[in-house]
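S.K.: what's the 3D shape of this:
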Amino acid sequence: KANSLVIQEALAESSRIQVSLNQERDAFLPLAETASTLFFVISDLYKLNNMYRFSLASFLRLFGRALGTKSDGSGTEVRIKTLANTLLMLVYEYVCRSLFKADRLMFALHLAHGMKPDLFQQHEWELFTGLLVADVFRRQESLARVRETLPTWLDQERASAVNLVKNKLQTLYRTLSLDKSDVWGIFARSSQCELEFPPSLVKRISPFQQVLVVQALRPDRLQSAMSLFAAKALGLKHLSGGNFSLKRVVSLETVATEPILLVVSAGSDPSQDLLELAESSVGKDHFHQVAMGQGQSEIALQLLHDCARNGDWLCLKNLHLVTSWLPTLEKELNSLEPHESFRLFLTTEVHPRFPAILLQISLKLTYESPPGIRNNLLRTVESWSPEFLSNGSVTRAQAMFAVAWLHAVVQERRTFIPQGWTKFYEFSQSDLRAATDILERLLVRAGNGKVPWEYMHGLMENAIYGGRIDNTFDINVLRSYLLQYFDQSLYNQDPTRNRSLVQDVNLPAGNQIKQYMEIIRTLPDLDKPSYFGLPSNIERS
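M.R.: Residues are numbered from 1 along each chain as shown. The predicted structure follows:
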């Protein structure tokens with residue numbers, strides 16, 4: 001009888017514990033649902049580009065990192081909200097560094113649509129993406145009427161877009177009252193119309209409806225409007241996803257069993273950066289490279305086994321040339337039991353037949369110039385050690401920063417083709433390295449005397465950056481930059497005063513790297529046309 005009572009009490013206690021555990025588990029169901037939705041949102045990216053594939057295993061590691069964040073002692077609901085936001089940030093940064101910069105804004109909007117559906121009303125997303133179109137015959141009839149009644153402040157070319165909004169989003173169209181020219185005057189003339197909505201409308205239409213209005217009325221500012229909306233919806237300061245440092249990623253996030261896949265774009269080559277990283281991490285003798293092509297398969301497999309056994313680093317380059325051999329590489333990777341110091345780097349260009357499994361099991365990093373002058377400068381300056389600037393004069397530090405600025409400007413000017421450059425020039429990190437090397441030699445030779453900037457102009461114009469340019473107009477643009485950034489008058493002023501490199505950007509009067517990082521962090525995420533010497537309305541063209 002006593003045993004029976006003990007058993008009953010134990011069963012009752014077990015039931016109470018089970019109920020308590022179920023309650024605690026159910027409390028975290030919203031987090032699980034958020035994570036599930038997030039995974040399926042990023043799983044859709046392969047439809048845009050075959051290279052954008054992500055495995056459940058990598059997502060679960062991010063989920064584990066999010067759960068590992070310290071609790072501030074707040075209640076369960078607040079804790080779940082904090083964990084969900086942390087997971088969103090981790091996934092966004094992880095995915096962004098696997099995407100080409102041209103696709104990051106698309107991903108941000110796709111993520112906002114998938115994770116924040118309450119921000120979108122019926123038919124709005126479909127109209128925005130072009131899935132919703134007007135009936136052809138009715139459109140022609142109503143388009144004629146819209147053109148007749150179109151306000152004078154609107155361009156006649158916008159009649160079709162206005163007509164679509166009128167037919168598909170009638171409530172929004174009535175709310176806008178486009179016939180009130182005095183209300184819309186500032187919006188129509190503003191160079192940043194996405195920030196100049198009529199005050200009477202701001203609280204009456206949703207943030208995404210503001211994007212739709214810009215799309216219909218001022219498409220020249222659509223990219224900026226989309227960026228503002230996505231950043232606000234996701235709670236981000238910048239949509240770039242942050243600058244990844246190859247050294248930091250390799251040291252903190254990689255394991256021996258996970259290949260690091262570098263997806264390269266035109267004009268980018270990670271070989272030199274990989275070599276420098278390997279020399280500082282494991283030594284040049286423990287880093288091996290194979291350029292894949294005909295007859296290299298057996299050599300690559302032999303090196304793979306040798307490096308995995310010895311803990312060396314191996315880089316297999318140009319895998320897009322040997323896609324038929326990649327299933328063999330997959331099988332070898334599955335059977336490897338590598339040394340914990342082993343690292344496998346793979347480089348490839350985008351290829352539609354690149355195996356999905358290899359893409360999913362790899363840590364992917366896109367290797368191209370970062371988006372915007374701000375991020376471009378951050379990558380360059382973060383690659384310098386503090387001693388790189390502090391061991392020299394103030395003039396040297398300022399001139400090095402000017403080289404980094406020039407590199408960022410000539411790369412980001414490609415955004416404005418054909419008004420910026422007449423074509424896409426493949427300026428790369430090798431140009432930056434050559435430029436800094438030339439500058440270093442000129443400064444050493446000059447000593448405390450006058451720096452021969454004309455030599456810098458000639459080498460940069462005819463060999464380093466200018467060697468890639470084949471158009472007279474573009475050469476003149478490059479020459480104007482060189483005369484502006486590398487002139488004795490810029491570096492011959494009072495060293496205690498800041499010197500203006502371009503409008504709103506001053507060179508610090510010091511040689512400490514943190515001074516230059518502070519300048520970079522004050523730059524806007526979206527580049528001002530004035531940084532390139534372009535007119536403020538360049539985006540309208």
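S.K.: so where do the strands sit in this structure?
M.R.: 260-264, 287-291, 313-317, 343-348, 363-367, 499-502, 505-507 (DSSP state E).
S.K.: May I see those arranged in CSV, with mean neighbour count and mean pLDDT as well?
M.R.: For every residue, glycine as well, the C-beta is placed using N, CA and C. Below are the strands of the chain laid out as CSV (neighbours: other Cβ atoms under 10 Å; pLDDT from 0 to 100):
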stretch, mean neighbour count, mean pLDDT
strand 260-264, 23, 91
strand 287-291, 17, 91
strand 313-317, 23, 93
strand 343-348, 24, 93
strand 363-367, 20, 89
strand 499-502, 17, 79
strand 505-507, 18, 83
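S.K.: of these, which approaches residue 307 most closely?
M.R.: strand 313-317 (4.3 Å; Cβ to Cβ).
S.K.: Pull up the pairing partners for that closest one, direction included.
M.R.: Partners of strand 313-317 in the sheet, by DSSP bridges, are strand 287-291 (parallel), strand 343-348 (parallel).
S.K.: Would you work out how far apart the start and end of stretch 33-52 are?
M.R.: For stretch 33-52, the first-to-last residue distance is 23 Å (Cα to Cα, to the nearest Å).
S.K.: again with stretch 93-106
M.R.: 14 Å.
S.K.: same deal with stretch 308-326?
M.R.: Stretch 308-326 has its terminal residues 18 Å apart, counting by Cα to Cα.
S.K.: nearest to residue 49, of the strands paired with strand 313-317?
M.R.: The closest of the strands paired with strand 313-317 to residue 49 is strand 343-348. By Cβ to Cβ, the value is 12.6 Å.
S.K.: got a list of contacts for the closest one?
M.R.: Residues outside strand 343-348 that contact it (Cβ atoms under 8 Å, 6 or more residues apart in numbering): 250, 254, 256, 259-264, 270-271, 274, 304, 307-308, 313-320, 333, 354, 362, 367.
S.K.: that older thread, okay if I get the strands paired with strand 313-317 as JSON lines plus distance to residue 533?
M.R.: Converted to JSON lines, the strands paired with strand 313-317 look like this (distance: least, Cβ to Cβ, whole Å):
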{"stretch": "strand 287-291", "distance to residue 533": "40"}
{"stretch": "strand 343-348", "distance to residue 533": "35"}
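S.K.: Mind checking these for the one nearest to residue 457?
M.R.: Between the strands paired with strand 313-317, strand 343-348 lies closest to residue 457; by Cβ to Cβ that is 34.5 Å.
S.K.: Put the alpha carbons of the closest one into PDB.
M.R.: Output of strand 343-348 as PDB, limited to C-alpha atoms (Å, rounded to 0.1, in the frame of the first residue of the first chain):
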ATOM      1  CA  ARG A 343      40.500  24.600 -44.500                       C
ATOM      2  CA  LEU A 344      39.300  24.200 -48.000                       C
ATOM      3  CA  PHE A 345      38.700  27.300 -50.200                       C
ATOM      4  CA  LEU A 346      36.800  27.100 -53.500                       C
ATOM      5  CA  THR A 347      36.400  29.900 -56.000                       C
ATOM      6  CA  THR A 348      33.900  30.000 -58.800                       C
END
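S.K.: how about low-confidence regions in this structure?
M.R.: Applying pLDDT under 70 to the chain picks out residues 1-2, 19-25, 72-74, 134-144, 146, 241-243, 266-267, 492-498, 540-541.
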